[in-house]
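Peer 1: Generate coordinates for the sequence data below:
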Amino acid sequence: MELDHLFVFIAPDGPEPKRLESLGFEANVHRSHPGQGTRNLCYVFDNAYLELLWLVDEADARSPAIARTQLAERARWRENAASPFGIALRGYGPQAPLPFETWDYHPPYRPGGRKVLPIAAFSDHLAQPLVFGSPGDLRPDHWPEERQSARQSALGLREIETVEIMLPDTVAPAEELRALADQGLLKLSSGPAQGVILTLSRDESAPLRLSLPDCVLI
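Peer 2: Got it, this is the predicted structure:
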């Protein structure tokens, strides 16, 4: 298994896309999620992508088909101490199932591809990130040729090298999350607040470190 993408909830019309644009990042993929109540902007790297996600229809997000994802609650993370982050993994299947208990989510907006996504049961705890199986199977640099322009060209950016998940000091990481860290899929740390640090490799330059949810370089 490997990281497919990572999402972070932002407020509608939040400042994060403009912050990333000012740093030279390019959002080349965007879509709405009818029936789920969300929209996104994506920043695509060679091996994975960063998704900024926001709520556009709370009624959809709280509908019976969507409610267990707690997307509506995660979108309000500034109010309720929920984790605003999601981690999607690819490379799973019948011969290599995800290494934790899951439940089946049926995205209402997917006319093709995987129509059932496994979501980690431990993510029912709002303080933990939402961990799930990705609907995609390929690294972005293996996407069809017509989608290759979506990858980052600014700043010579290449891959998401590491994902460091920071949980508040008062929240212990779930055992399943620790297992993912033991497999090298992510790093875990603790601090005063929720956060993620992405280490991004660059052509012939030192890596960049991007801090989320604020979308600033450190």
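Peer 1: residue ranges of the strands in this protein, please?
Peer 2: With strands called from DSSP state E, the chain shows them at 2-9, 29-33, 38-44, 49-55, 85-90, 102-105, 117-120, 130-133, 157-168, 187-191, 195-202, 205-212, 216-217.
Peer 1: Quick one: mean pLDDT over the last one.
Peer 2: Same thing as strand 216-217. Averaging the model's pLDDT scores along strand 216-217 yields 97.
Peer 1: deepest of the strands of the chain, which one?
Peer 2: Compared across these, strand 130-133 shows the largest average neighbour count, a mean of 24 (mean count of other Cβ atoms under 10 Å). Bear in mind the C-beta positions are built from the backbone N, C-alpha and C, glycine included.
Peer 1: Select the helix or strand of this structure having the lowest average pLDDT value.
Peer 2: strand 29-33 (a mean of 94; mean pLDDT, DSSP states H and E).
Peer 1: helices or strands next to that one in the packing?
Peer 2: Helices and strands touching strand 29-33, by 3 or more Cβ pairs under 8 Å, 6 or more residues apart in numbering; DSSP states H and E, are strand 38-44.
Peer 1: try it again with 10 Å
Peer 2: When contacts are defined as 3 or more Cβ pairs under 10 Å, 6 or more residues apart in numbering; DSSP states H and E, strand 29-33 packs onto strand 38-44, strand 49-55.
Peer 1: report the angle between the axes of that strand and strand 38-44?
Peer 2: Here the directions of strand 29-33 and strand 38-44 differ by 160 degrees (axes from the mean of the first three to the mean of the last three Cα atoms, to 10 degrees).
Peer 1: Tell me which strands strand 29-33 pairs with, and in which orientation.
Peer 2: strand 38-44 (antiparallel) (DSSP bridges).
Peer 1: average pLDDT for the partner strand?
Peer 2: Averaged across strand 38-44, the pLDDT comes to 97.
Peer 1: Which one, of the strands of the chain, ends up nearest to residue 176?
Peer 2: Nearest to residue 176, of all these, is strand 117-120, at 6.2 Å by Cβ to Cβ.
Peer 1: now the angle between strand 49-55 and the least confident helix or strand of the chain, please.
Peer 2: 40 degrees.
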